[in-house]
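# Here is my input, please return the structure:
(chains A and B)
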Amino acid sequence: MFPELIDTRPWRRAIDDALNWVVRNWSEYFEAAAYPLLMLLNFIEDILIATPWWLITVILVGIAFLATRRWPLPVIVFCSLMFLGIMDLWEDAMTTMALMIAATLTAIVLSIPIGVWMSRSARTRGVITPLLDLMQTLPSFVYLIPTVMIFGPGKIPALIATIVYAAPPLVRLSDLGLRSVDPAVMEASRAFGTTPTQRLFGVQIPLALPTILAGINQTTMMALSMVVIASMIGAGGLGYQVLQGIGRLEVSRGLFAGLGIVALAIIFDRITQSFGKQLQGRIGLMEAR
Amino acid sequence: MNDMTIDTGLAIRMRGVTKIFGDNPQGALALLEQGRSKAEVQAETNHVVGLDNVSLDIARGQIFVVMGLSGSGKSTLIRHVNRLIEPTAGEIVVEGNDVLQMSLPDLRTYRRNTVAMVFQKFGLLPHRSVIDNVAYGLETRGVGKAERLEKAAQWIETVGLAGYENSRPRQLSGGQQQRVGLARALALDTDIILMDEAFSALDPLIRSGMQDQLVELQKSLGKTILFITHDFDEALKIADRIAVLKDGAVQQEGRPEDIVLKPANAHIEEFVREVNKARAIHVRTIMERGTFEDCQFTVPADARCEDVLPYFAEHQWVGVTNGEGRQIGRVTAKRVIQALARYTPGVGEG
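All right, here's what the predicted structure looks like:
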């Protein structure tokens, strides 16, 4: 056994006490701060559930067609949605979709500015990269317990946990995309007397957009992979069905709900990927590299 | 910017410009000033000398070519004129403005209004159409949309790309892309245009056409063009004056024929040996001035030897005219042959 060099019990106690203190004195402020997130999630969920199934189908199939201009993808999207409907998973799917969309939107708003900041300063990158590694590798239950203690079980901790898990690839890919913009183009832009802001919005972000979109794709996928864990703390939706299937040893319920998650994943993965490819083709990065 | 105006009567004046790449350029600069060579400084301090005490006077309205092999510092030099690179030491005055004293906003204004640049790798914005690329500089300057698109369309036509306005750069060939780059610089209507190996990436035929077009444009617009190339033939074809750069230092500066006829050192002689002298030598340097009987054929005094060669199949001499078309002398076949032969090492020297 490893020799006991120092007594770590006081440390543990200190951390536990600190958390308890935060929960007692600060939890209402945290809840108030996270309230906009809850509003966003509820707003998206209400819209998705209030919209009739056929309209959602038309919209998603239409987007799929716009993204590829060919028929295979819209057909796949249509079949996936029909599967959800026929298996009586529609409402759960909408709840899960709302969680994923809310997490992705929040992740976009937070990640892209951080990515911009990282792309400009090696020191910032040095600080944030290990933090992202931590967010991706730390088992989610570890930060789920304190978030549940602070916010109480419900949608907010589920959403926060999903964001923590799903945002890192978007931050990384934003940073990478912005840094790998052709230096010759950046220099030309500089030679014409542009300000850093003009270069960021006029050159860097448009040229990094395919990479950023790949990051958004990753974020949606990772958000979907969190739904079962999120449902353990009250997120509902398809994840909850899986959880119930496990709890009651109902293999069919777990299997169908699980396939429903896969169907959602296919829909969003293929649509975001196709938009990325379309964008890349338009910019012509394929030929340039 | 008025308070730092220095009237030099020149488009660009560089004095003692030195650039050292590395973490501690001042230490390496001290060594360089003690007279160490570029290689010695690099061995001792691991700092690369980009430019070594470069001084150039570039008069308005001429094509000034800086020629050198790769690694000679020529691309570094041109980037000092619009301060894309900061020098370690020296002074750069452009159109009377001390470039190194400018604040960042001043520098941006200067880049927008005084110097435009054309790049070897084109540097076009791949996500914009051709016309939006050409209008880019004007857009940065804050020109309204209708006006800048109108100007851009004019320049697209001038460089011969009418009909491609809404294409993307990647849909064009290399030559066409560089015309877009040229139009983008010309659309700014700046007094000075910097061209960094602008034609080096092009096929020989397209390249020759672009050179002709550049010379024509320069004649009609009267711009000052600082042109970088590694190709001596290209330099001789378009230059009013040439500076030869090696290891970051200017080896020789002068008119093209000065360089061809009196190469300053062995390095330049090597270039000269390979070059087409009939293109480099102007008729004015070898003509006989005076009154001669009128000739059937005449050439202007700034024609080159290669231009008069075809006449000698039928004639012993051709007349030479000045700018107004009056005959001021003649050039004989013998003179031309002498000029071409004399400067071939080992021939006709005895």
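# B:F292 contacts B:G319, doesn't it?
Yes - using Cβ atoms under 8 Å, B:F292 is in contact with B:G319, at 7.0 Å. C-beta coordinates here come from the backbone N, C-alpha and C atoms, glycine included.
# When these two are compared, which one has more neighbours?
Between B:F292 and B:G319, B:G319 has the larger neighbour count (other Cβ atoms under 10 Å in any protein chain shown), namely 21 against 15.
# can you pull the contacts of B:S167?
By Cβ atoms under 8 Å, 6 or more residues apart in numbering or on different chains, the residues touching B:S167 are B:129-130.
# closest point of the stretch 51-200 of chain B to chain A, which residue?
Nearest to chain A, among the residues of the stretch 51-200 of chain B, is B:G123, at 2.8 Å (Cβ to the nearest Cβ).
# Look up how far B:D196 lies from that residue.
Distance of B:G123 to B:D196, computed by Cβ to Cβ, to the nearest Å: 9 Å.
# Over to A:S274?
39 Å.
# what do you get for A:Q278?
According to Cβ to Cβ, A:Q278 stands 34 Å off from B:D196.
# Next: A:L238.
A:L238 is 58 Å from B:D196, by Cβ to Cβ.
# Show me the strands in the stretch 51-200 of chain B, by range?
B:63-67, B:89-94, B:97-98, B:115-118, B:192-196 (DSSP state E, counting those that start in this stretch).
# Of the ones you listed, give the one that comes closest to A:D17.
A:D17 lies closest, by Cβ to Cβ, to one member of the strands of the stretch 51-200 of chain B: strand B:89-94, at 61.8 Å.
# Name the SS class of the closest residue to chain A within the stretch 201-350 of chain B, please.
Residue nearest to chain A within the stretch 201-350 of chain B: B:A201 (11.3 Å; Cβ to the nearest Cβ). Following DSSP: H, G, I helix; E, B strand; the rest coil, the label given to B:A201 is coil.
# Give the burial count for it, as a bare number.
15.
# What parts of the stretch 51-200 of chain A come near chain B?
With Cβ under 8 Å from any Cβ of the partner chain as the criterion, the stretch 51-200 of chain A meets chain B at residues A:184-185, A:187-195, A:198.
# Quick check: the farthest pair among those residues?
Maximum distance among those (Cβ to Cβ): 19.4 Å, for A:A184 and A:T195.
# Tell me how far the longest helix anywhere in chain B lies from the chain's centre.
For chain B, the longest helix by residue count, based on DSSP state H, is helix B:204-221. Between the centre of helix B:204-221 and the centre of its chain there are 12 Å (Cα atoms, centre = their mean, to the nearest Å).
# and the angle from it to strand B:192-196?
170 degrees (axes from the mean of the first three to the mean of the last three Cα atoms, to 10 degrees).
# tell me the angle the helix or strand following helix B:204-221 makes with strand B:89-94.
Next along the chain after helix B:204-221, taking DSSP states H and E as the criterion, comes strand B:224-229. Per the same axes, to 10 degrees, the angle that strand B:224-229 makes with strand B:89-94 is 130 degrees.
# by contact count, what packs against strand B:224-229?
Secondary-structure packing of strand B:224-229 (3 or more Cβ pairs under 8 Å, 6 or more residues apart in numbering or on different chains; DSSP states H and E): strand B:63-67, helix B:74-81, strand B:192-196, helix B:204-221, helix B:232-238.
# for the last one, what is the average pLDDT?
The reference is to helix B:232-238. Mean pLDDT, computed over helix B:232-238, is 87.
# Show me which residues of chain B are close to chain A?
B:82, B:84, B:107-113, B:115-117, B:119, B:121-127, B:136-137, B:140-141, B:168-171, B:188, B:194.
# Which ones among these lie within helices?
Checking the residues of chain B next to chain A against DSSP H, those in helices are B:107-113, B:136-137, B:140-141.
# how close does whatever residue of the stretch 51-200 of chain A ends up closest to chain B get to B:I206?
Of the residues in the stretch 51-200 of chain A, the one nearest chain B is A:A188, at a distance of 2.8 Å by Cβ to the nearest Cβ. Separation of A:A188 from B:I206 (Cβ to Cβ): 21 Å.
# and what of A:E250?
72 Å.
# what's near enough to touch residue 78?
Using chain A here. A:F78 neighbours (Cβ under 8 Å, 6+ apart): A:57, A:61.
# my bad, chain B
B:66, B:117, B:194-196, B:226, B:228.
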